[in-house]
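Undergrad: output the structure for:
(chains A, B, C and D)
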Number of protein chains: 2
Amino acid sequence: MTAEPTTRRERQREATYAEIVATSIALLREREDLSLRAVAQRMGMTAPALYRYVASYQELVDLVAFEVDREATERFRAAADELPPDDVAGRLCVSAAEFRQWAHGSPREFGLVFANPIADSACIRRDALTLSSSGHLFTGQIRAIWEQRHFPVPVVADLPPAAQQAVLDPVIPAESEGIAIEDRGLMWVYMQGWTQLYGVVTLEVFGHMDPRLVESGDLFVDTMLRFAPRIGLADDVPRLEALIRDRIAAHPH
Amino acid sequence: MTAEPTTRRERQREATYAEIVATSIALLREREDLSLRAVAQRMGMTAPALYRYVASYQELVDLVAFEVDREATERFRAAADELPPDDVAGRLCVSAAEFRQWAHGSPREFGLVFANPIADSACIRRDALTLSSSGHLFTGQIRAIWEQRHFPVPVVADLPPAAQQAVLDPVIPAESEGIAIEDRGLMWVYMQGWTQLYGVVTLEVFGHMDPRLVESGDLFVDTMLRFAPRIGLADDVPRLEALIRDRIAAHPH
DNA sequence: CGTAAACCGTAAATGGTGTTAACGTAGGTG
DNA sequence: CACCTACGTTAACACCATTTACGGTTTACG
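TA: Numbers count the residues shown, from 1 in each chain, chains lettered A, B, ... in the order given. So this is what the prediction gives:
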């Protein structure tokens, strides 16, 4: 029926491939350790069989990390979609807050994706994993804000050389397509913002912050709001704070 | 001779205790895996013997992490001591830059100390490890800057409730002794700064940043300098940038 | 259609891990 | 002196990733 060019075998292979990842994620959700044996057993197989699909344990981890990131990003996107499309500022804040909530609710998954010594460069199958979906989401949202408000961004020529390269031909978490060369300073602002968001959340999740601040989320809120003016949201701060605090209130223990 | 109240036995115990940690750190330095067996073997013992000193592998890791943090902090302090005592601004920047260099040169140690799901609360032997020495160093340095320049700090009453508690009676990385109650907003500034420093460096070390930016350190420098004005260092920015870039230049591959 | 090859799973084995239990033996203590 | 505690041992368990050799299916091809 489906005019896919895939042979039956390839389809089946792709299916078990997906099942491996799904099973792994299920294990993580049940707070169990992720191991080849556990995954295999739950699939009714033996561990060595997994080597038909995965070259090593680390590769499985990378695969799972990619999928976890993808699913989590969907969650951030869904949170944003609770707001009207033109509320670009609110959408970014809500997604970021949801990012934090996710990190706290799934610290192991968070660590897998964002605190993993990520497969050392040499990894070939980058074609698929090359960029984090969450990176895509946030760049898109910041870009939407900029297109609506045109807050000032640094002039590319004023940036240090390596920074210029990075914003003109981004490698990591981009989606710079369609941004005029002279406006690429926007990417720099994005990186600044991502650094801050990543910093607070990681600090919180890894327990290097006063528990009361983690509980209340005050330092997170503070970080978000102090960045807001940089992207032209100075006037919206009170409303955004309400949005963020509201979403943070539901504490997943 | 030494009028210590310690019996001979206790001294010997303390010695092997220290040797365990030292051996573990040596293993890490040689890029070998940290395992009870490896540590024991290198000490001429067997693995189960270590359980006389350590309740579990995780406890060993925590112990090592504490010591690693202590030694690294000495390194940051030494870097600061290359500058005259009254150059408080330069000292902070140099220490922070050295922190970054250390993180890149010893990513595993860095991960151990700063990206570890830190023993879950219940850990009793907090008396000793309760706070990170690096936290102490940086609070001290920021405080020194404030005592010299008296940059404006937020009024405590303006902070959110949990933040007030956190700055008035700090738990995690403090040394607030002697700071007047009305000046405790300084602690809030410190936490903001630490969040930023932690964010960039962790982002860099875990490979979630454009390699060219990691190589050049541009985003790190940018983060540092954008924070400088907040602690009254706006006028020193050019000099501080030179200081930071200079220390960052020596790239430990 | 039948055969060869590619594929996918298995069992067995290797060398690693943390951890527990039972056992001896030295050191300091009454 | 005897006693007991602390410290180390060996043996064993359960788990882990990974490799090898082997058998059966499924596909593809002549």
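Undergrad: just checking, A:Leu225 touches A:Arg239?
TA: No - with contact defined as Cβ atoms under 8 Å, A:Leu225 and A:Arg239 do not form a contacting pair (10.9 Å). No exception for glycine: its C-beta is placed from N, CA and C like everyone else's.
Undergrad: the longest helix along chain A close to DNA strand C?
TA: If you go by DSSP state H, chain A has its longest helix at helix A:57-80. No - counting by Cβ under 7 Å from any atom of the strand, DNA strand C has no neighbours in helix A:57-80; the shortest distance is 11.2 Å.
Undergrad: next SSE downstream of that helix?
TA: Along the chain past helix A:57-80, the next helix or strand (assigned with DSSP states H and E) turns out to be helix A:88-105.
Undergrad: any idea of the angle that following helix forms with helix A:57-80?
TA: 140 degrees (axes from the mean of the first three to the mean of the last three Cα atoms, to 10 degrees).
Undergrad: got the angle for the following helix or strand past helix A:88-105 vs helix A:88-105?
TA: Later in the chain than helix A:88-105, the nearest helix or strand by DSSP H and E is helix A:107-114. Helix A:107-114 and helix A:88-105 are oriented at 120 degrees to each other (the same axes, to 10 degrees).
Undergrad: which other helices and strands contact helix A:107-114?
TA: Other helices and strands packing on helix A:107-114, by 3 or more Cβ pairs under 8 Å, 6 or more residues apart in numbering or on different chains; DSSP states H and E, are helix A:8-29, helix A:57-80, helix A:88-105, helix A:185-205.
Undergrad: for chain B, which of these is the nearest?
TA: When the helices and strands packed on helix A:107-114 are compared by Cβ to the nearest Cβ, helix A:185-205 sits nearest chain B, at 2.0 Å.
Undergrad: what angle sits between that closest one and helix B:185-205?
TA: 110 degrees.
Undergrad: and of the helices and strands packed on helix A:107-114, who's closest to A:Met45?
TA: When these are compared by Cβ to Cβ, helix A:8-29 sits nearest A:Met45, at 8.7 Å.
Undergrad: re earlier: more crowded one of A:Leu225 and A:Arg239?
TA: More crowded of A:Leu225 and A:Arg239, by other Cβ atoms under 10 Å in any protein chain shown: A:Leu225, with 18 against 14.
Undergrad: how about low-confidence regions in chain A?
TA: A:1-5, A:118-131, A:172-176, A:251-253 (pLDDT under 70).
Undergrad: quick check: can you list the domain ranges of it?
TA: Under automatic domain parsing, the residue ranges defining each domain of chain A are A:1-54, A:68-249.
Undergrad: so which helix or strand takes in the nearest residue in space to A:Leu60 that is not next to it in sequence?
TA: In space, and not counting its chain neighbours, A:Leu60 is closest to A:Val54: 4.7 Å by Cβ to Cβ, 6 or more residues apart in numbering or on different chains. Counting by DSSP H and E, there is no helix or strand that carries A:Val54.
Undergrad: how about A:Val54, phi and psi?
TA: phi -140, psi 130 (degrees, to the nearest 10).
Undergrad: list the contacts of A:Gly217.
TA: A:100, A:244-245, A:248 (Cβ atoms under 8 Å, 6 or more residues apart in numbering or on different chains).
Undergrad: which residues sit against the longest helix of chain A?
TA: Under Cβ under 8 Å, 6+ apart, the answer for helix A:57-80 is A:20-21, A:24-25, A:28, A:34-36, A:39, A:50, A:54, A:91-92, A:94-99, A:102, A:106, A:109, A:112-113, A:116, A:118-119, A:123, A:128-129, A:132-134, A:136-137, A:141, A:247.
Undergrad: again, 7 Å this time
TA: Contact with helix A:57-80 is made by A:21, A:24-25, A:34, A:36, A:54, A:91, A:94-95, A:98-99, A:102, A:109, A:112-113, A:116, A:119, A:129, A:132-134, A:137, as judged by Cβ atoms under 7 Å, 6 or more residues apart in numbering or on different chains.
Undergrad: look up how far A:Val153 lies from the residue nearest to A:Leu60.
TA: From A:Val54 across to A:Val153, the span is 42 Å (Cβ to Cβ, to the nearest Å).
Undergrad: more crowded one of those two?
TA: Under the criterion of other Cβ under 10 Å, the comparison of A:Val54 against A:Val153 puts A:Val153 first, with 21 against 18.
Undergrad: so that one makes contact with A:Gly185?
TA: Yes - when contacts are counted by Cβ atoms under 7 Å, A:Val153 is listed as touching A:Gly185 (3.7 Å).
Undergrad: just the element for the spatially most central residue of chain A, please.
TA: The centroid of chain A falls nearest to A:Ser134 when counting by Cα atoms, centre = their mean (2.8 Å). Here A:Ser134 sits within helix A:133-149, counting by DSSP H and E.
Undergrad: sweet, I'm off.
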